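K.L.:
structure for the following, please:
(2 chains)
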Amino acid sequence: MLVLAVIGPYVAPFDPLAIDFRNRLAEPSLTHILGTDGSGRDVLSRILYGAKLTILSTVTVIATVLVFGCILGIFSAFVGGTVDNFLMRIADVWLGFPPLILALGFAAALGSSLEAAIMALIFSWWPTYARLSRMITVDILSKKFVASANALGVSTFRKVTHYVLPNAFDVLIIQVTLDISAVMLAISGLSFIGVGAQVPAPEWGAMIAEGRSFTSKGWWIVTFPGLAIFITAMSFNLIGDMLRRELDPTLITRQ
Amino acid sequence: MRYVLERIAFSLFALFILIFITFLLSHVVPGDPAIAAAGPNAGAEKIQLVRESMGLDKPFHVQFLVYGAKVLAGDFGTSWFTHQPIADDIMRELPPSLELVVMAMLINLLISFPIGLVAARYHGSNFDNAVRVVAIAGAGVPIFWTAILLQQKLAADWQLFPVAGRLSFANRDFEGATGFYILDSLVQMRLDVFADLMMHIFLPALALSLLFTAVGVRITRTAMISEFRKDYVVMARAKGASEARIMFRHVFRNGATPSLTVFGMQFGWMLGATVLVEEIFGRPGIGRYAIKAVTQSDIHAVVGVVLVVGLVFVISNMAIDIILYAINPRKTRED
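P.N.:
Have a look, this model is predicted:
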């Protein structure tokens, strides 16, 4: 899928924004493999261009919450005490709120655009990583080798880069693959209801929103972008599950 | 008792955070509301006047306290597009949404528990593996997409269900005391209306529940698997208890509790996800209301929805936790 996102624009047979009213609502055929939409744009080309848009925004969200969440979580674990307690309580509460509705609020405040939707999701998603990285850090700090490192006067920075991050890597990578599908669904959902990417951008959710008025005349317009979201999200879920079975030590001890 | 008090204190804290977030959303993020309210042609003096009348010249914490007091008193402001108090709007839109979420939750539970239990019982079998893969894959389904496809196939093409709306045209005058029409129709013994409501709610509820059901199946399956491994199951088998008795009396009862916490959280998430479904099926509800508010850039109405969904979420989680504690105090404290 990542490969597709990169090469998508080069292999796409048509311009995703080119309007051709003579060919509107064309059924899937050899020229237009997945048909054309209500304005005669090639659905396959739009999906291929959309892959870049959708995946790039998803990666932006995940990368940002990963960095900020981990900084916050590791900081919280090192400081400990009241600050730690307070931060984690906030994360607890925040984590619980339905992300879609929270993002809708942020999008309403920031105005409707893909950037706003990305910002909104970053605001709603950070607690997962803050909690996770804090948990790992606390766990590692309680180990005996850290106690001996303390006795040797190892700096905090070195502890973070040499002890915490390498140990956290496995757990975080699992969480990231599992979250990619959730974030992608949220972005396309926000675009679908009109607060994310704006029509005529070839974002998959926005394409479905646009194709809705044609469901009875052209099933392919809505079906294929949705299938694209589904297949991508599903692949990341399956990869995440596979990684978890391979890497997650807690799973093995628990079973 | 101590646990219950702690749980209530945490919920109050959650409420505080909720109010703070919505305060940031409506007062801080959108820029200077005084300039927006005064209109595009207002001079500096006019803006200053508006700012004072709106209380925006006060320090940040005073503004927040004023806002918090208003929200707690149920005053969410007036909507720009319905010209009604937002609190009234939401009270009118909430019952149909809650009906939808409850129906979706029923579908979710009716699928998740039996499948999770059976898959766990035959852990490692082909059936179990199939369930696991389908559940993981199902967690990638876009809700709005399945909603459109179900509507097109089952309602428009095959005409098994009505395409849109909450009630048929013939029943458009139906009214009830609570606003929860499913309940009202039963109270009034209007079984025709009840059937009509059910036909309308089924597809949107199904579309809303699928993604959550996939997660629900996975959670119950995992919980039941770890329950089947416990010593008491071996003990029960050794004593010659029937497999059915082990499954339903022992494993199901103990394994269900941890999953209930997840279902409690899902309730709030589903309420949030109504924004993806209600508009498609033309049903009234807070999801559709929120979308209308966003497209009209009515920030206060959106924030009102965020507040109410958040409140429902906080309450449902607290209720689940307290119920679980009441059922089994010792187990809750262990967790």
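K.L.:
surely B:Phe281 is within a helix?
P.N.:
No. The secondary structure assignment for B:Phe281 gives coil rather than a helix, going by DSSP: H, G, I helix; E, B strand; the rest coil.
K.L.:
thought it was touching B:Leu203?
P.N.:
Yes. Using Cβ atoms under 8 Å, B:Phe281 is in contact with B:Leu203, at 6.8 Å. From N, CA and C alone the C-beta is placed, and that goes for glycine too.
K.L.:
output the below-cut-off pLDDT ranges for the stretch 51-200 of chain B.
P.N.:
B:51, B:53-57 (pLDDT under 70).
K.L.:
which bits of it sit near chain A?
P.N.:
For the stretch 51-200 of chain B, the contact set with chain A under Cβ under 8 Å from any Cβ of the partner chain comprises B:133, B:136-137, B:139-146, B:148-149, B:151-152, B:156.
K.L.:
mind running it again at 6 Å?
P.N.:
For the stretch 51-200 of chain B, the residues in contact with chain A (Cβ under 6 Å from any Cβ of the partner chain) are B:136-137, B:139-142, B:144-145, B:148, B:152.
K.L.:
among those, which are in helices?
P.N.:
Mapping those onto helices (DSSP state H) picks out B:136-137, B:144-145, B:148.
K.L.:
give me the pLDDT for the residue of the stretch 51-200 of chain A found nearest chain B.
P.N.:
Nearest residue of the stretch 51-200 of chain A to chain B, counting by Cβ to the nearest Cβ: A:Pro98, 2.9 Å away. We note a pLDDT of 78 for A:Pro98 in this prediction.
K.L.:
quick check: it touching B:Thr274?
P.N.:
No. Using Cβ atoms under 6 Å, A:Pro98 is not in contact with B:Thr274; the gap is 9.8 Å.
K.L.:
so for those two, which residue has more residues nearby?
P.N.:
Neighbour count, other Cβ atoms under 10 Å in any protein chain shown: between A:Pro98 and B:Thr274, B:Thr274 has more, with 32 against 25.
K.L.:
who's in contact with the more buried one?
P.N.:
B:97, B:285, B:287 (Cβ atoms under 6 Å, 6 or more residues apart in numbering or on different chains).
K.L.:
how about the secondary structure of it?
P.N.:
Three states are possible here, and by three-state DSSP the one that applies to B:Thr274 is helix.
K.L.:
count of residues packed around B:Lys18?
P.N.:
Careful, residue B:18 is Leu and not Lys. The criterion is other Cβ under 10 Å. On that basis, B:Leu18 has 23 neighbouring residues.
K.L.:
tell me what the helix or strand harbouring it is packed against?
P.N.:
Secondary-structure element containing B:Leu18, defined by DSSP states H and E: helix B:2-23. Judged by 3 or more Cβ pairs under 6 Å, 6 or more residues apart in numbering or on different chains; DSSP states H and E, helix B:2-23 is in contact with helix B:60-72, helix B:299-327.
K.L.:
mind listing what's buried along it?
P.N.:
Of the residues in helix B:2-23, those scored as buried under the neighbour-count criterion (16 or more other Cβ atoms under 10 Å in any protein chain shown) are B:7, B:10-11, B:13-15, B:17-19, B:21-23.
K.L.:
try stretch B:280-290
P.N.:
Of the residues in stretch B:280-290, those with enough neighbours to count as buried (16+ other Cβ under 10 Å) are B:280-281, B:283, B:285-290.
K.L.:
now do stretch B:305-322
P.N.:
Neighbour counts using 16+ other Cβ under 10 Å place B:305-314, B:316-318, B:320-322 of stretch B:305-322 among the buried residues.
K.L.:
for stretch B:127-136, same thing?
P.N.:
By neighbour count, and taking 16+ other Cβ under 10 Å as the criterion, the buried residues in stretch B:127-136 are B:128, B:131-132, B:135-136.
K.L.:
repeat for stretch B:251-258
P.N.:
B:251-252, B:254-258.
K.L.:
ok, stretch A:106-116 next?
P.N.:
Buried residues in stretch A:106-116, counting neighbours by 16+ other Cβ under 10 Å, are found at A:106-110, A:112, A:114, A:116.
K.L.:
likewise stretch B:291-299?
P.N.:
Within stretch B:291-299, the residues that qualify as buried are B:291-294, B:297-299, counting by 16+ other Cβ under 10 Å.
K.L.:
likewise for stretch B:323-331?
P.N.:
Along stretch B:323-331, these residues count as buried under the neighbour rule (16+ other Cβ under 10 Å): B:324-325.
K.L.:
got the CA coordinates for it in CSV?
P.N.:
Taking only C-alpha atoms (Å, rounded to 0.1, in the frame of the first residue of the first chain), the coordinates of stretch B:323-331 have been written out as CSV:
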residue,chain,number,x,y,z
ILE,B,323,-22.4,-2.0,38.5
LEU,B,324,-19.4,-4.3,38.1
TYR,B,325,-18.2,-3.4,41.6
ALA,B,326,-21.7,-4.1,43.0
ILE,B,327,-21.7,-7.5,41.3
ASN,B,328,-18.2,-8.5,42.5
PRO,B,329,-16.3,-6.1,44.8
ARG,B,330,-13.2,-8.2,45.2
LYS,B,331,-12.6,-8.8,41.5
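K.L.:
chain center to that stretch, what's the gap?
P.N.:
On the basis of Cα atoms, centre = their mean, to the nearest Å, stretch B:323-331 sits 24 Å off its chain's mean C-alpha point.
K.L.:
picking up where we left off before, of the buried residues of stretch B:280-290, which is the nearest to A:Leu66?
P.N.:
B:Ala290 (28.8 Å; Cβ to Cβ).
K.L.:
secondary structure of the closest one: a helix, I assume?
P.N.:
Yes. B:Ala290 sits within a helix when classified using three-state DSSP.
K.L.:
I'd guessed it sits against B:Val275; true?
P.N.:
Yes. With contact defined as Cβ under 6 Å, B:Ala290 and B:Val275 form a contacting pair (5.5 Å).
K.L.:
can I get the residues of the stretch 51-200 of chain B next to chain A in TSV with distance to B:Lys46?
P.N.:
As requested, those are arranged in TSV below (distance: Cβ to Cβ, whole Å):
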residue	distance to B:Lys46
B:Ile136	59
B:Ala137	58
B:Ala139	53
B:Gly140	53
B:Val141	52
B:Pro142	47
B:Phe144	44
B:Trp145	48
B:Ile148	48
B:Gln152	52
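K.L.:
look up how far B:Ile115 lies from the closest residue to A:Ala117 other than its chain neighbours.
P.N.:
Leaving aside its sequence neighbours, A:Ala117 sits nearest to A:Gly196 (Cβ to Cβ, 6 or more residues apart in numbering or on different chains; 3.7 Å). Here A:Gly196 is placed at a distance of 34 Å from B:Ile115 (Cβ to Cβ, to the nearest Å).
K.L.:
neighbour-wise, which of these two wins?
P.N.:
Neighbour count, other Cβ under 10 Å: between A:Gly196 and B:Ile115, A:Gly196 has more, with 30 against 20.
K.L.:
for A:Ile33, give me the pLDDT.
P.N.:
Among the per-residue scores, A:Ile33 shows a pLDDT of 63.
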